[in-house]
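**Q** Pasting a predicted model and its sequence here:
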Amino acid sequence: MDYFHYNQPFTLETGQSLPGITIAYDTYGKLNADKSNVVWICHHLTANSSVAEWWPGVVGDGHIINPGNYFIVCANILGSCYGTTGPLSVDPHTQSPYYSRFPFVTVRDMVNAHILLRRHLEIVSIHLLVGGRQMRTFPSRHPPHLRPILALSRMNLMPMLILDAVLGLVAGVVLDRAVLRILAWLLVPLTVSVLAIGPPNFSSATGEREWVWLNLGCFFMFGSPAMGIGMIIGKYVRLLKKSKK
């Protein structure tokens, strides 16, 4: 693990600032001559930057993301407790840890810290970007530094599909009016997708647009078909129960 110390004020999205930040990061492999083999992996909230340890079988020698072919970077996120500035870091003004006084940070703040590290490592472009919400924010903040990428986002689609299907089954059994079933089919999958994706970033139009398109995509591709199938099954269960009476 290496550390990058940024000794200038770091302004957060809330308007607050940190007097400086330290970023813990791990790298694997080497940059090629034209610096076109960079793979940047954004870890989830409870992980650290040692991606080869918590993602075996994907990152490592002989695996899909091979250090022999790629220069792999994983930076510990801002606000974490695994090396990057966070609540356990010492506040230079008080000479004691921040603890609960550590300011609120957003995903955009985390990505802005990644950008500082990218510049420090003299990375011009990123070939492959892997992650979740950070991955979705990265291109909108600094698009010139991203080539056409294969962006992999880990979303818990299976629980979302199961929930939509189960709710559709219940709606099909309980609701006997077509209008009510249509309303349920429209509103329930959208609500489930909102819960799965999380709240939007209302600080910019870009953040709002990203959030809207992600929700519409989840609705049309996953939630709506799953609930529709559930409702069809539920309707036939209800008809079967009526025929037995």
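**A** Everything's here; your move. Numbers count the residues shown, from 1 in each chain.
**Q** Please make it C-alpha for all contacts and neighbour counts, starting now.
**A** Fine.
**Q** Now do the end-to-end distance for stretch 40-51.
**A** With Cα to Cα, to the nearest Å as the measure, the first residue of stretch 40-51 is 11 Å from its last.
**Q** cool, stretch 26-43 as well?
**A** So stretch 26-43: terminal residues 12 Å apart, Cα to Cα.
**Q** can you count the residues close to residue 92?
**A** Residue 92 has 12 neighbours, counted by other Cα atoms under 10 Å.
**Q** Leaving out chain neighbours, which residue sits closest to it?
**A** Excluding the flanking residues, the one nearest residue 92 by Cα to Cα, 6 or more residues apart in numbering is residue 19, at 7.9 Å.
**Q** ditto for residue 43
**A** Closest to residue 43 by Cα to Cα, 6+ apart is residue 131, at 6.3 Å.
**Q** domain assignment for this protein?
**A** Domain assignment for the chain by automatic domain parsing gives 2-145, 157-244.
**Q** Export the ones you listed as JSON lines, with columns for mean pLDDT.
**A** Formatted as JSON lines, those follow (pLDDT from 0 to 100):
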{"stretch": "domain 2-145", "mean pLDDT": "88"}
{"stretch": "domain 157-244", "mean pLDDT": "67"}
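**Q** quick one, phi/psi of the residue nearest to residue 17 when sequence neighbours are not counted?
**A** Excluding the flanking residues, the one nearest residue 17 by Cα to Cα, 6+ apart is residue 11, at 4.2 Å. Per-residue torsions, residue 11: phi -80, psi 130 (degrees, to the nearest 10).
**Q** cool, and residue 24?
**A** Torsion angles, degrees, to the nearest 10, at residue 24: phi -90, psi 140.
**Q** give me the number of residues near the nearest residue to residue 68 once chain neighbours are set aside?
**A** The shortest distance from residue 68 to any non-neighbouring residue, by Cα to Cα, 6+ apart, is to residue 29 (5.9 Å). Residue 29: 17 surrounding residues under other Cα under 10 Å.
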